[in-house]
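# this is a predicted model, with the sequence first.
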Amino acid sequence: MVQIKVGERIKNIKIEDVYYIETSAIPHRLTLYERHGYYEFYGKLIDFEALGEPFYRSHKSFLINLCHVKELNKKERTVTMANGDRCLISFRAFRELGRRLSHKDN
């Protein structure tokens, strides 16, 4: 489970339901996208990197769940997630991401 504080509520979300987490346009805030919508809350992306194996920091602004990656676009350096959203991949993270995705399929 991932636990986040949204306003005055504490929300528990199953890890397998999380598509990705990205930094928000509002400073010090993150947006978590999951099966049933999204939530904006205060936090640091680095704190969520400890969630473990299915998550990968693909860019300074994105932490993606590898289980929900549908497509990898090398030319645009993006991944398309199961919900249709596109997340950026940094130049340095691209090779490792490709390796992880190929191992996931085996």
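Cool, the structure landed. Since this is a predicted model, take the numbers as computed values, not measurements.
# now do the nearest residue to residue 93 once chain neighbours are set aside, the pLDDT please.
In space, residue 93 comes closest to residue 58 once its chain neighbours are excluded; the distance is 5.1 Å by C-beta to C-beta, 6 or more residues apart in numbering. All C-beta spots, glycine's among them, are computed from the backbone N, C-alpha and C. For residue 58, the pLDDT comes out at 95.
# what's the burial count for residue 58?
Residue 58 has 24 neighbours, counted by other C-beta atoms under 10 Å.
# any idea how far it is from residue 28?
21 Å (C-beta to C-beta, to the nearest Å).
# what's the answer for residue 62, then?
The spacing between residue 62 and residue 28, counted by C-beta to C-beta, is 17 Å.
# more neighbours: which of those two?
A direct count of neighbours by other C-beta under 10 Å for residue 62 and residue 28 places residue 62 higher, at 20 against 10.
# I'd say the more buried one and residue 85 touch.
No - in this structure residue 62 lies outside contact range of residue 85 using C-beta atoms under 8 Å: 10.1 Å.
# shared neighbours of those two, anything?
Overlap of the contact sets of residue 62 and residue 85 (by C-beta atoms under 8 Å, 6 or more residues apart in numbering) consists of residue 20.
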